[in-house]
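> coordinates only, no sequence provided:
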């Protein structure tokens, strides 16, 4: 029998960390970064605020952990239904509607309108995930990627941040079809 590593997280520690992250994500989504407090998150998670400091160090570090995003972008060359713009639109809407990455995306989008650090996080997701994903589409790929990202972010801002009723009420399939047509037009333009 080997002695356990005292630094290795226990099952209880992993559950506590996940509970903190869920409570933090909910609080950041509801109240924004500035109005969210470590004490409020701790209360929601049913723990002492010192546990948050123990696991994450600061509210800023907790925010970074709660908004970590992997877009898990689909392959664009394998979509039989309308082309890469449609595949990307369906994937984007599914992500925004999902619990985990969707919540992180909504938190970051709201915060990025007021906070330079959050805006930098959104830019980092773009430069590390979206731009490389759309590369290989010719010499204009950075322009294409910027236009595609701005259309997706504009849709998301209208639906999830502003709550524009025409966007909130539209079925996901219809939204994906319409957004997909716009994205495909950008991708197809030389």
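That came in fine, so what should we check first? Just so it is clear, the model here is predicted, and its values are computed rather than measured.
> biggest helix in the chain by residues?
helix 11-35 (DSSP state H).
> that one packs against which elements?
Counting contacts by 3 or more CB pairs under 8 Å, 6 or more residues apart in numbering; DSSP states H and E, helix 11-35 packs against helix 38-45, helix 49-56, helix 59-66, helix 100-112. (Glycine included, C-beta is placed from N, CA and C.)
> quick one: closest of those helices to residue 180.
helix 100-112 (18.3 Å; CB to CB).
> which parts of the helix or strand just after the closest one are buried?
Downstream of helix 100-112, the next assigned helix or strand under DSSP states H and E is helix 116-125. Within helix 116-125, the residues scored as buried using 16 or more other CB atoms under 10 Å are 118, 121-122, 125.
> neighbouring contacts of stretch 97-111?
For stretch 97-111, contacts defined as CB atoms under 8 Å, 6 or more residues apart in numbering pick out 25-26, 28-29, 32-33, 66-72, 95-96, 118, 121-122, 125, 153, 156-157, 160-161, 172.
> per-residue confidence averaged over it?
In this model, stretch 97-111 has an average pLDDT of 86.
> buried ones among the contacts of stretch 97-111?
25-26, 28-29, 32-33, 66-67, 69, 71, 95-96, 118, 121-122, 125, 153, 156-157, 160.
> next, the angle from the longest helix of the chain to helix 59-66.
Angle, helix 11-35 to helix 59-66, by axes from the mean of the first three to the mean of the last three CA atoms, to 10 degrees: 110 degrees.
> what's the most buried one of the helices and strands packed on helix 11-35?
Mean neighbour count (mean count of other CB atoms under 10 Å) peaks for helix 100-112 among those, with a mean of 20.
> that helix to helix 116-125, inter-axis angle?
Going by the same axes, to 10 degrees, helix 100-112 makes 130 degrees with helix 116-125.
> what about helix 100-112, distance to the chain center?
5 Å (CA atoms, centre = their mean, to the nearest Å).
> run a quick neighbour tally on residue 17.
By other CB atoms under 10 Å, the residues close to residue 17 number 18.
> how about the closest residue to it other than its chain neighbours, what does it touch?
Counting by CB to CB, 6 or more residues apart in numbering, residue 55 is the residue found nearest to residue 17 once chain neighbours are left out, at 5.3 Å. Contact analysis of residue 55 by CB under 8 Å, 6+ apart lists 16-17, 20.
> and residue 47, by the same measure?
16, 19-20 are the contacts of residue 47 under CB under 8 Å, 6+ apart.
> looking at the residues you listed, state which has the most neighbours.
Going by other CB under 10 Å, residue 20 tops the contacts of residue 47 with 25 neighbours.
> so what pLDDT did that one get?
Residue 20 is given a pLDDT of 94.
> now swap in residue 92 and tell me
At residue 92, the model reports a pLDDT of 91.
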